[in-house]
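Peer 1: have a look at this prediction, sequence included:
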Amino acid sequence: MSHALHQPNAGSHADEEYSLPCAEALLAGTLALMTGYVQACCDSHRDAMGRKIAANLQMLAGAQGFTPHFRTVVWSLQGRWDQQCKARQDVAASAAMVAAEQRRVLWHTAPEAVQ
């Protein structure tokens, strides 16, 4: 496996570029998303990243080029990330229902008759 570091100009501060096989690139991207998930500034970003992490792990679990043991570990991680994403969605849905109920409680009931 060759991991070539390409630097167009050694004196510049250009971003590093790596040439990776597809499965390794997917793994590297997933690890970067996991880092971003932990450092996310708001829940909307975190939710989107969590869903993408779970999807990437599912693809990695079926990817060729990894040992069956590695794919088993990745599949287990995918299940945990998927459960976490669903739990966060359930909490968000419950919070939205509570907020809607609180707004409804503030409403006045209509009178039986108008004079």
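Peer 2: Here it is on my side, so go on. Computed from a predicted model, the values in this text were never measured in an experiment.
Peer 1: can you show me the strands along this structure?
Peer 2: With strands called from DSSP state E, the chain shows them at 4-6, 17-19.
Peer 1: without its sequence neighbours, what residue ends up closest to the residue most central in space within the chain?
Peer 2: The geometric centre of the chain, computed from its C-alpha atoms, lies nearest to Gly50 (C-alpha atoms, centre = their mean), at 1.7 Å. Once flanking residues are discounted, Gly50 sits nearest to Cys85: 4.6 Å by C-beta to C-beta, 6 or more residues apart in numbering. For every residue, glycine as well, the C-beta is placed using N, CA and C.
Peer 1: what's the answer for Leu57, then?
Peer 2: Sequence neighbours aside, Gln78 is the residue nearest to Leu57 in space, at 3.6 Å (criterion: C-beta to C-beta, 6+ apart).
Peer 1: give the contact list for that neighbour.
Peer 2: Ala54, Leu57, Gln58, Leu60, Ala61 (C-beta atoms under 8 Å, 6 or more residues apart in numbering).
Peer 1: could you dump those residues to JSON lines with neighbour count?
Peer 2: Listed next are those as JSON lines, based on neighbours: other C-beta atoms under 10 Å:
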{"residue": "Ala54", "neighbour count": "20"}
{"residue": "Leu57", "neighbour count": "24"}
{"residue": "Gln58", "neighbour count": "17"}
{"residue": "Leu60", "neighbour count": "21"}
{"residue": "Ala61", "neighbour count": "18"}
